[in-house]
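Student: got a predicted structure plus its sequence, pasted below:
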Amino acid sequence: MKRWLPILLGLVGTPVIAFGNDWGMGASNAKIPSPAVFSPAATPAHEIRTLAYFVITVCAVIFVIVASLIIYSIIRFRERPDDKGREPAQIYGSNPIEFAWTTVPVLIVFVLILTTARTIYSVQAAPRPPDSISVHVIGHQWWWEFRYPELGVVTANELHVPLSDPAHPLPTFLDLESADVAHSFWVPRLAGKTDVIPNRRNTMWIDPHQPGTYLGQCAEYCGTEHALMLLRVIVEPRPDFDRWIAAQKQASIADASVDHGRQIFETTACVNCHVVRGTAAEGRFGPDLTHLMARETIGAGAAMNTPDNLKVWVHNPSTIKPGALMPAMNLSEKDLNDLVAYLVTLR
């Protein structure tokens with residue numbers, strides 16, 4: 001239950017604190033941003049909230065009317081001491097009554113269908129402006145890969161997008177597909193859930209109006225670590241976003257002080273799964289690590305990205321994320337320390 005509680009509380013806007021090894025691996029008292037669904041920060045999420053409020057209001061009115069009629073009937077037609085035990089008078093074939101209880105529900109359903117269709121169309125049929133940002137999102141068990149094909153950047157688990165000014169919209173369009181099983185991409189404050197399916201590309205878009213960090217998660221059960229397939233969307237002004245892009249395009253910088261750690265990285269199974277630009281590591285099964293330490297978390301949000309947590313993760317990922325597909329490296333203490341010291345330089 002502890003593994004699910006941060007997600008469940010966050011959806012209703014309750015601040016969540018990371019404690020010890022269960023939620024954050026040592027990130028005690030680190031406040032996690034709330035992904036509350038009732039605080040939209042982008043046009044798609046706002047449209048969905050408006051529709052949700054409308055549907056809830058209609059259903060609430062129906063509930064009040066039906067409940068009131070039931071209560072009235074219970075009180076008005078309750079058994080009395082002077083009743084003679086006879087069946088009350090029955091009314092059959094009342095055309096006005098039958099017309100009313102057929103027509104009114106049909107009209108209500110018709111209105112709900114129209115409003116839902118309008119919302120779906122306005123969200124899914126939005127045109128893609130020529131200056132919009134395009135990101136290719138790939139779901140893996142259990143992490144997210146983000147590729148910016150027009151900008152030449154690849155990162156993982158933390159999606160950076162520019163702030164969209166309502167006066168001059170700058171949406172980000174996401175093309176989603178899966179490398180293995182079915183996933184679902186959901187950042188509650190930015191947009192609705194979109195399925196991420198093998199051999200099929202779905203599309204969604206976001207235009208965040210407020211800078212900050214927005215939490216999301218996989219919303220489709222995808223295996224053992226589904227609950228820890230988290231993601232963060234970092235929204236920043238365009239100049240900051242451009243600087244981040246420029247930094248991400250750079251190859252790793254060789255640091256002579258960690259040469260031994262780099263040699264360990266390049267001579268172990270690390271290079272089979274990971275990319276570090278500027279080195280011999282060209283694996284495609286795991287996240288790109290060229291700028292590993294520029295990320296706030298490791299393990300798709302399973303732990304804060306600190307040297308201590310990174311050491312635990314490299315030594316045995318299952319300690320943080322049971323079932324993770326990354327194997328334990330089984331290195332000696334010195335080799336482990338040197339490898340982590342090298343990874344810490346990847347900024």
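Tutor: Looks like it came in fine.

Student: quick one, phi psi at the closest residue to residue 346 other than its chain neighbours?
Tutor: Using C-beta to C-beta, 6 or more residues apart in numbering and skipping the chain neighbours, the partner closest in space to residue 346 is residue 292 (4.3 Å). No exception for glycine: its C-beta is placed from N, CA and C like everyone else's. Taking degrees, to the nearest 10, you get phi -50, psi -50 for the backbone angles of residue 292.

Student: now what about the helix or strand hosting residue 147, what contacts it?
Tutor: Per DSSP states H and E: residue 147 is located in strand 143-148. With contact meaning C-beta atoms under 8 Å, 6 or more residues apart in numbering, strand 143-148 is reached by 133-139, 153-159, 179, 185, 229, 231, 245, 286-288, 299-300.

Student: repeat that for stretch 119-138.
Tutor: Applying C-beta under 8 Å, 6+ apart, the external contacts of stretch 119-138 come out as 44, 47-48, 50-51, 144-151, 159, 161-162, 169-179, 185, 191-192, 196, 205.

Student: ChimeraX command for the buried members of these?
Tutor: In ChimeraX, this line selects whichever of those come out buried by 16 or more other C-beta atoms under 10 Å:
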select :44,47,48,51,144,145,146,147,148,151,159,161,162,170,171,172,173,174,176,177,178,185,191,192,196,205
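
Student: in stretch 231-247, what counts as buried?
Tutor: Within stretch 231-247, the residues scored as buried using 16+ other C-beta under 10 Å are 231, 232, 233, 234, 235, 236, 241, 244, 245.

Student: just the closest of these to residue 64, please.
Tutor: residue 233 (38.6 Å; C-beta to C-beta).

Student: so what's the closest one bridging to?
Tutor: Beta-bridge partners recorded for residue 233 (DSSP bridges): residue 159, residue 214.

Student: I'd guessed it sits against residue 212; true?
Tutor: No. The pair residue 233 / residue 212 is not scored as a contact, 9.1 Å apart, by C-beta atoms under 8 Å.

Student: other SSEs contacting whichever strand or helix holds residue 245?
Tutor: Per DSSP H and E, residue 245 falls inside helix 238-248. Counting contacts by 3 or more C-beta pairs under 8 Å, 6 or more residues apart in numbering; DSSP states H and E, helix 238-248 is packed against strand 153-156, strand 158-162.

Student: what would these look like in a markdown table with distance to residue 80 and mean pLDDT?
Tutor: Output for the helices and strands packed on helix 238-248, formatted as a markdown table (distance: least, C-beta to C-beta, whole Å; pLDDT from 0 to 100):
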| stretch | distance to residue 80 | mean pLDDT |
| --- | --- | --- |
| strand 153-156 | 73 | 92 |
| strand 158-162 | 68 | 95 |
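
Student: out of those strands, which is closest to residue 94?
Tutor: Nearest to residue 94, of those and by C-beta to C-beta, is strand 158-162 at 59.4 Å.

Student: list the helices and strands the closest one packs on?
Tutor: Counting by 3+ C-beta pairs under 8 Å, 6+ apart, strand 158-162 packs on strand 133-140, strand 143-148, strand 230-236, helix 238-248.

Student: could you list the residues in contact with that strand?
Tutor: 133, 135, 137, 144, 146, 170, 172, 206, 208, 231-238, 241, 244-245, 295-297.

Student: which sections of the stretch 1-150 of the chain are below the confidence cut-off?
Tutor: Where the stretch 1-150 of the chain drops to pLDDT under 70, the residues are 1-35.

Student: OK, contacts around the spatially closest residue to residue 54 that is not a sequence neighbour?
Tutor: Of all residues not flanking residue 54 in the chain, residue 115 sits nearest, at 6.0 Å (C-beta to C-beta, 6+ apart). By C-beta under 8 Å, 6+ apart, the residues touching residue 115 are 51, 54, 55.

Student: how far off centre is the host helix or strand of residue 115?
Tutor: In this assignment (DSSP H and E), residue 115 forms part of helix 95-124. Offset of helix 95-124 from its chain centre (C-alpha atoms, centre = their mean, to the nearest Å): 32 Å.

Student: tell me the buried residues in that helix?
Tutor: 119, 123.

Student: backbone dihedrals for the residue nearest the centre of the chain, please?
Tutor: Centroid-nearest residue in the chain: residue 216, 2.4 Å away (criterion: C-alpha atoms, centre = their mean). Main-chain torsions, residue 216, degrees, to the nearest 10: phi -140, psi 180.

Student: so what's it up against?
Tutor: 35, 185, 186, 187, 188, 190, 230, 231, 232, 233 are the contacts of residue 216 under C-beta under 8 Å, 6+ apart.
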